[in-house]
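Participant: here is a sequence with its predicted model. Questions after.
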Amino acid sequence: MNDTNAASPVSRGERIASIDVLRGFALLGILVMNIPFFALSMFGWSDPSITGGFEGWDLTTWKIGEMFFNLKMMAIFSMLFGAGVVIFSQRSEAKGVSAGSLHYKRMGWLFLIGMVHAYAIWFGDILVAYAMIGCIVFLFRKFPGWLLVSAAPIVMSVAVLTGIGFGFGIDEARTAMLEAQAVLDAGGVPTDEQNTALNVWTDQFSDFYPDETLLAWERELRNEKGAEILVEHAKDVVFMQTLMMLVWGVWRVGGLMLLGMGLYKLGVFNASKSKKFYVSMIVIGFGVGLPMVWLGMNAMLRNNFDAIEFQKHDSIWNYYGSILVALGYIGLIMLVCKLGALKWLTNALSAVGRMALTNYLLQSILCTFLFNWWGLGLWGTMSRSELLLVVGAVWLLQLIVSPIWLSRFRFGPMEWAWRSLTYWKRQPMRISVDG
């Protein structure tokens, strides 16, 4: 049997509506955490107090993002990607085609789309990571749900251990740097080892403690219209796709994908569990997760966002708490879908979710145009609270346009391209063609 001819994309009738709603919710929420990286200093990832304002409404905005969005939306999206791996595999095999062949073609094209997105639009791309890790978790698609759910926390904890180790590494490097700096301040001549310590700190760790010189360099760079900014952009991408992927991404994202695969197999994502089950998810997820996130947030504030304390202790609260909060969100969305409530909102979110790839890339294109020098050049001109207006405008645009588009077409533009490339056959686009 010819796999390409026998296989075909999922039809509208085969879609799981609750998953589309949840995906749309997470897609919109991700922008809350991504937009500071488009609009403000990149060094704000280690110390958000240095950029975008950190008093009054700006501080409140950061706290809301930290409590309700940071890592939570990515967790939901990663779980749904894992669930999608199982769904795609099961439906392909039900049609008598090779799930593996199609899956790896699908991931290959997603990888290429992500590479273009990462190098040409935004360094913070997640598609490349999803494509690469999606190739790995596919191998576990037939494991029972309970085993996948049980294994996920173990896999995710590897990133915590590497993070703690990294914290000790920063601590050791800072101690060596301070000893060498003390020699210089006293008018002495540092040893070769001490000079090495100074160079290592400057080259590898100074980004965690940005000073005015570093911030001034960034401001000048962001106003450049030449190749230098492209080179720095590419360096960021390489870092994200190599070291960051190995020590954090593959474990965090991979574990969440396994969790999503397990939850799908256990029937959580199709809103078929009991109301009591989803209420329990809400109560436990928010009731335990939010206090954990709150403890971590206050620890970061108390320690003035010290990178060593963040890696060793402070980040761990949100690392695990965000997963519980994400599960609380999942329970809430599933309960809303099960009750058939807020139809006007769930219908719009479902459309956003069905066009998740298109909408994700559109968010990057819009924000890059707004804040980069080749567009409106608004980088560094808006506070955190003002950026929420941009987020709201993008949300409104996508909630309005997505349903309108899908009233005429089967797929979003990028979804259509991705499917056509995967099946190596031009897919019918207009709904009338689908019948």
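Facilitator: Now that the structure is in, tell me what you want to look at. Residues are numbered from 1 along each chain as shown.
Participant: centroid residue for the protein?
Facilitator: Nearest residue to the geometric centre of the chain (C-alpha atoms, centre = their mean): Met74, 4.0 Å.
Participant: give me the secondary structure label for it.
Facilitator: Three-state call for Met74 (DSSP: H, G, I helix; E, B strand; the rest coil): helix.
Participant: likewise for Gly53?
Facilitator: When the rule is three-state DSSP, Gly53 gets the label coil.
Participant: do Gly267 as well
Facilitator: When classified by three-state DSSP, Gly267 comes out as coil.
Participant: what does Val97 give?
Facilitator: coil.
Participant: so what's the residue count around it?
Facilitator: By other C-beta atoms under 10 Å, 20 other residues sit near Val97. All C-beta spots, glycine's among them, are computed from the backbone N, C-alpha and C.
Participant: excluding sequence neighbours, find me the nearest residue to Pro291.
Facilitator: Gly321 (7.7 Å; C-beta to C-beta, 6 or more residues apart in numbering).
Participant: the one you found: what's it in contact with?
Facilitator: Contacts for Gly321 (C-beta atoms under 8 Å, 6 or more residues apart in numbering) come out as Val288, Gly289, Leu290, Pro291, Met292, Val293, Leu295, Gly296.
Participant: and Thr60, by the same measure?
Facilitator: Per C-beta under 8 Å, 6+ apart, neighbours of Thr60: Ser385.
Participant: now do 10 Å
Facilitator: Arg384, Ser385 (C-beta atoms under 10 Å, 6 or more residues apart in numbering).
Participant: can you check the pLDDT for it?
Facilitator: Thr60 is assigned 98 on the pLDDT scale.
Participant: you'd agree Val86 is up against Gly145?
Facilitator: Yes: under the contact definition of C-beta atoms under 10 Å, Val86 touches Gly145, with a separation of 9.3 Å.
Participant: those two: which is more packed in?
Facilitator: Neighbour count, other C-beta under 10 Å: between Val86 and Gly145, Val86 has more, with 26 against 16.
Participant: for the longest helix along the chain, packing partners?
Facilitator: Counting residues, the longest helix in the chain under DSSP state H turns out to be helix 145-185. Applying 3 or more C-beta pairs under 10 Å, 6 or more residues apart in numbering; DSSP states H and E, one finds that helix 145-185 contacts helix 72-94, helix 192-200, helix 250-265, helix 307-309, helix 315-339.
Participant: follow-up on the earlier one: contacts only, for the residue nearest to the centre of the chain.
Facilitator: Taking C-beta under 10 Å, 6+ apart as the criterion, Met74 is in contact with Ala26, Gly29, Ile30, Met33, Asn34, Ile126, Arg252, Val253, Leu256, Ser322, Ala326.
Participant: in stretch 174-193, which residues are buried?
Facilitator: Neighbour-count burial for stretch 174-193, with 16 or more other C-beta atoms under 10 Å as criterion, is recorded at Arg174, Ala176, Met177, Ala180, Pro190.
Participant: separation between the first one and Ile308?
Facilitator: The spacing between Arg174 and Ile308, counted by C-beta to C-beta, to the nearest Å, is 7 Å.
Participant: ditto for the second one
Facilitator: Summarising the geometry, the distance separating Ala176 from Ile308, computed by C-beta to C-beta, is 13 Å.
Participant: follow-up on the earlier one: could you dump the buried residues of stretch 174-193 to a markdown table with pLDDT and distance to Asn270?
Facilitator: Shown next, in a markdown table, are the buried residues of stretch 174-193 (pLDDT from 0 to 100; distance: C-beta to C-beta, whole Å):
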| residue | pLDDT | distance to Asn270 |
| --- | --- | --- |
| Arg174 | 95 | 50 |
| Ala176 | 94 | 55 |
| Met177 | 95 | 54 |
| Ala180 | 93 | 59 |
| Pro190 | 89 | 64 |
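Participant: nearest to Glu415, of those residues?
Facilitator: If you rank those by distance to Glu415 using C-beta to C-beta, Arg174 comes first, at 47.1 Å.
Participant: surely the closest one meets Gln204?
Facilitator: No: contact status for Arg174 versus Gln204: not in contact, 11.1 Å apart, counting by C-beta under 10 Å.
Participant: where does pLDDT dip in this protein?
Facilitator: Applying pLDDT under 70 to the chain picks out residues 1-14, 225-226, 433-435.
Participant: contacts only, for Asp20.
Facilitator: For Asp20, the contacting residues are Leu80, Cys337, Thr346, Asn347, Leu349, Ser350, Ala351, Val352, Gly353, Arg354, Met355, Ala356, by C-beta under 10 Å, 6+ apart.
Participant: my bad, Tyr119
Facilitator: Here Tyr119 is in contact with Asp125, Val128, Leu230, His233, Ala234, Val237, Val238, Gln241 (C-beta under 10 Å, 6+ apart).
Participant: check Phe111 too.
Facilitator: Phe111 makes contacts with Leu127, Val128, Ala129, Tyr130, Ala131, Met132, Gly134, Cys135, as judged by C-beta under 10 Å, 6+ apart.
Participant: please apply the same query to Leu339.
Facilitator: Taking C-beta under 10 Å, 6+ apart, we find Leu339 in contact with Ala271, Lys275, Tyr278.
Participant: out of these, who's the most crowded?
Facilitator: Using other C-beta under 10 Å as the neighbour test, the contacts of Leu339 are led by Tyr278, with 23 neighbours.
Participant: which other helices and strands contact whichever strand or helix holds it?
Facilitator: Counting by DSSP states H and E, the element that carries Tyr278 is helix 275-302. Packing partners of helix 275-302 (3+ C-beta pairs under 10 Å, 6+ apart): helix 56-68, helix 72-94, helix 307-309, helix 315-339.
Participant: how far does the first one sit from the chain's center?
Facilitator: This means helix 56-68. In this view, helix 56-68 has its centroid 19 Å away from the chain centroid, taken as C-alpha atoms, centre = their mean, to the nearest Å.
Participant: just the third one next, same as before
Facilitator: Distance of helix 307-309 from its chain centroid, counting by C-alpha atoms, centre = their mean, is 22 Å.
Participant: before we move on, the earlier item: between the contacts of Asp20, which is nearest Ile330?
Facilitator: Taking C-beta to C-beta as the measure, Ile330 lies nearest Leu80 of those, at 9.2 Å.
Participant: my guess is the closest one contacts Val268. True?
Facilitator: No: at 11.2 Å, Leu80 does not count as touching Val268 under the criterion of C-beta under 10 Å.
Participant: the closest residue to Gly331 other than its chain neighbours - how many residues pack around it?
Facilitator: Using C-beta to C-beta, 6+ apart and skipping the chain neighbours, the partner closest in space to Gly331 is Met281 (2.8 Å). Neighbours of Met281 under the rule other C-beta under 10 Å: 21.
Participant: any idea how far Leu263 is from Met281?
Facilitator: Distance from Met281 to Leu263, by C-beta to C-beta: 10 Å.
Participant: show me what contacts Phe305?
Facilitator: Phe305 neighbours (C-beta under 10 Å, 6+ apart): Gly44, Ser46, Asp47, Pro48, Ser49, Ile50, Phe208, Tyr209, Asp314.
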